[in-house]
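Peer 1: only geometry, no sequence info:
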């Protein structure tokens, strides 16, 4: 069994990500003894094949953990950043800064996938900054990844377009107000889910066909892809 583990750590927080990084490390170490008793009888997790993923600030946290900002007893085999963001602008990174602005400087020792939103760097309105500003967003993260790494950008979709159509509460309503959005969320959800599964099948199971097909025929995706890069 390959374990795809996606803890939900979202909370309203300030600009410092140190506690979230520590939380990811704590959960990762918990898997060693805490996961198996919770699984159905006969199901055994393969903790030698772990993928770590995060969106937005969570993408920055995922990269920080993969880069050793927190020690874990288990090692990850694949890393996914969904429109990762490292602050408000270049030179205005949030603590701890992850981007170094040195090409191919991330010594991850694992495969990486970066998914970007084409509208993430644009303002929704004059009152709010872009949700994924250029200089601290997906392109910058991919530029620092060493091989093997993949980069896909959904051209006409925004930073939060991979969320559910209905996001309840004040925070949920704000997802439609703060970031520039595409026309619908469902295509972006399908694309993000599909490319993540294709990437993990490729780099955790050695089944590269789906990922290669998406690279060679991006028009088959449910969204228009403006960037496809592999290193």
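Peer 2: Done, it's in. If you're wondering where the values come from, they're calculated on a predicted model, not measured in any experiment.

Peer 1: just the buried positions in stretch 105-121, please.
Peer 2: 106, 108, 110-121 (16 or more other Cβ atoms under 10 Å). Yep, even glycine has a C-beta here, placed from its N, CA and C like the rest.

Peer 1: which residues does the longest strand anywhere in the chain contact?
Peer 2: For the chain, the longest strand by residue count, based on DSSP state E, is strand 46-55. Identification of contacts with strand 46-55 by Cβ atoms under 8 Å, 6 or more residues apart in numbering yields 1-6, 24, 28, 31-32, 35, 59-63, 65-66, 74-84, 162, 196, 200, 204-205.

Peer 1: mind listing what's buried along the longest helix seen in the chain?
Peer 2: Criterion DSSP state H: the longest helix present in the chain is helix 186-205. Buried residues in helix 186-205, counted by 16+ other Cβ under 10 Å: 187-189, 191-192, 194-196, 198-204.

Peer 1: ok, now which ones touch the residue sitting nearest the centre point of the chain?
Peer 2: Computing the C-alpha centroid of the chain and ranking residues by Cα atoms, centre = their mean puts residue 81 first, at 2.2 Å. Residue 81 makes contacts with 53-54, 59-60, 62-63, 112-115, 138, 141, as judged by Cβ under 8 Å, 6+ apart.

Peer 1: how about those residues, which pair is most distant?
Peer 2: 60 and 113 (15.0 Å; Cβ to Cβ).

Peer 1: the chain: strands as residue ranges?
Peer 2: Along the chain, the stretches classed as strands by DSSP E are 2-3, 46-55, 78-82, 111-117, 149-154, 225-230.

Peer 1: export these to TSV and append columns for mean pLDDT and distance to residue 170.
Peer 2: Formatted as TSV, these follow (pLDDT from 0 to 100; distance: least, Cβ to Cβ, whole Å):
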stretch	mean pLDDT	distance to residue 170
strand 2-3	43	34
strand 46-55	95	19
strand 78-82	98	23
strand 111-117	98	23
strand 149-154	98	27
strand 225-230	97	33
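
Peer 1: which of these sits closest to residue 98?
Peer 2: Closest to residue 98 of the strands of the chain is strand 78-82 (Cβ to Cβ; 9.9 Å).

Peer 1: so the closest one versus strand 111-117, what angle?
Peer 2: Interaxial angle of strand 78-82 relative to strand 111-117 (axes from the mean of the first three to the mean of the last three Cα atoms, to 10 degrees): 10 degrees.

Peer 1: pLDDT at residue 231, what is it?
Peer 2: pLDDT, residue 231: 96.

Peer 1: repeat for residue 166
Peer 2: Residue 166 is assigned a predicted lDDT (pLDDT) of 88.

Peer 1: please name the nearest non-neighbouring residue to it.
Peer 2: In space, and not counting its chain neighbours, residue 166 is closest to residue 172: 7.5 Å by Cβ to Cβ, 6 or more residues apart in numbering.

Peer 1: pLDDT score for the one you found?
Peer 2: 84.

Peer 1: so it touches residue 160, yeah?
Peer 2: No: in this structure, residue 172 is not within contact of residue 160 by Cβ atoms under 8 Å, at 10.3 Å.

Peer 1: returning to what we had before: give the ChimeraX command for selecting the buried subset of the contacts of strand 46-55.
Peer 2: Burial among the contacts of strand 46-55 is assessed by 16+ other Cβ under 10 Å; the matching ChimeraX selection reads:
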select :3,24,28,31,35,59,60,61,62,63,65,66,76,77,78,79,80,81,82,83,84,162,196,200,204
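
Peer 1: about what we covered before: would you mark the buried spots in the longest strand of the chain?
Peer 2: In strand 46-55, counting by 16+ other Cβ under 10 Å, buried: 47, 49-55.
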